[in-house]
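Peer 1: What follows is a protein structure lacking sequence information:
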């Protein structure tokens, strides 16, 4: 490919990226000013991209926007992404770093369903398998997923739960659970301090998709996990991993 052709492609991408960051669209003069390219060059590139629907023009005010072709391409790409496949290496790193078990779960029918589990050696084996469902009220994954819901929906689920005492630490009412949910909303992570499995603790953070919505959560579990590691350290590592995974499935932090 000739150097001049590469330059044309780069200029087209520069125009596209300028339009991508504009919520209200850009005029020809705006694009010319922001890219520094001659108006004739910008006009020629726009005229090439519009028929292929990469860029659209509002004829009423001569403003340009990104076209629906990008939505089509993004949808095709996102449909090919498998969350579990993307999460596995990240979870493996976490599990190895803290000698713990890492889980990936989603909210399904008012329960947590485990999509993936990466286990490292520890003295207390956690008998939760891939595909298994667990209550939301005694798991960190469940709490952080509930915290991501609108308050009305969260309350509807919470008030419909049947609480079963798994350990001496299990929360036994929605009022008790709500304290942990509010904590998760305020701090970005949820805790399970021996509420699901006695002697084991867990920290969980949410995973977001390209829309910014929470679609899953990732956690670290193990005996004495919170006691041996500062919660802030666990949260920092988990949050960095969750952000990395979220970005791999299209999320873009503001």
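Peer 2: That came through fine. Quick caveat, the model's predicted, so the values are computed rather than measured.
Peer 1: Check the burial of the closest residue to residue 141 other than its chain neighbours by counting its neighbours.
Peer 2: In space, and not counting its chain neighbours, residue 141 is closest to residue 105: 4.2 Å by CB to CB, 6 or more residues apart in numbering. All C-beta spots, glycine's among them, are computed from the backbone N, C-alpha and C. For residue 105, the count of nearby residues is 30 (other CB atoms under 10 Å).
Peer 1: Can you tell me the SS state at residue 105?
Peer 2: strand (DSSP: H, G, I helix; E, B strand; the rest coil).
Peer 1: Mind listing the residues bridging to it?
Peer 2: Here residue 105 sits in beta bridges with residue 114, residue 217, going by DSSP bridges.
Peer 1: I figured it hits residue 145, correct?
Peer 2: Yes: Residue 105 lies in contact with residue 145 (CB atoms under 8 Å); the separation is 7.4 Å.
Peer 1: Residues that sit against both of the two, list them.
Peer 2: Contact criterion CB atoms under 8 Å, 6 or more residues apart in numbering; residues shared by residue 105 and residue 145: 112, 216, 217.
Peer 1: Within the helices and strands, which one has the residue in the chain sticking out farthest from the centre?
Peer 2: Ranked by distance from the centre of the chain (CA atoms, centre = their mean), the top residue is residue 40, with 41.4 Å. Assigned by DSSP states H and E, residue 40 belongs to helix 39-49.
Peer 1: same thing with residue 8?
Peer 2: helix 3-20.
Peer 1: Buried residues of that helix, list them for me.
Peer 2: Using 16 or more other CB atoms under 10 Å as the test for burial, helix 3-20 gives 11, 12, 14, 15, 16, 18, 19.
Peer 1: Check stretch 174-186 too.
Peer 2: 174, 177, 178, 180, 181, 183, 184, 185.
Peer 1: What about residue 196, how many residues nearby?
Peer 2: 25.
Peer 1: tell me the SS of it?
Peer 2: Residue 196 ends up coil, using three-state DSSP.
Peer 1: quick one: contacts for residue 118?
Peer 2: Here residue 118 is in contact with 88, 91, 92, 94, 95, 101, 102 (CB under 8 Å, 6+ apart).
Peer 1: out of those, which one sits closest to residue 248?
Peer 2: Nearest to residue 248 among the contacts of residue 118: residue 88, at 11.5 Å, using CB to CB.
Peer 1: Tell me how far stretch 140-147 lies from the chain's centre.
Peer 2: 14 Å (CA atoms, centre = their mean, to the nearest Å).
Peer 1: So in terms of bridging, what pairs with the most centrally placed residue in the chain?
Peer 2: The centroid of the chain falls nearest to residue 208 when counting by CA atoms, centre = their mean (1.9 Å). Note on residue 208: beta-bridge partners by DSSP bridges are residue 214.
Peer 1: I figured it hits residue 247, correct?
Peer 2: No: using CB under 8 Å as the test, residue 208 is too far from residue 247 to be in contact (9.1 Å).
Peer 1: Most neighbours among the shared contacts of residue 105 and residue 145, please name it.
Peer 2: Among the shared contacts of residue 105 and residue 145, residue 112 has the most neighbours (other CB under 10 Å), with 31 neighbours.
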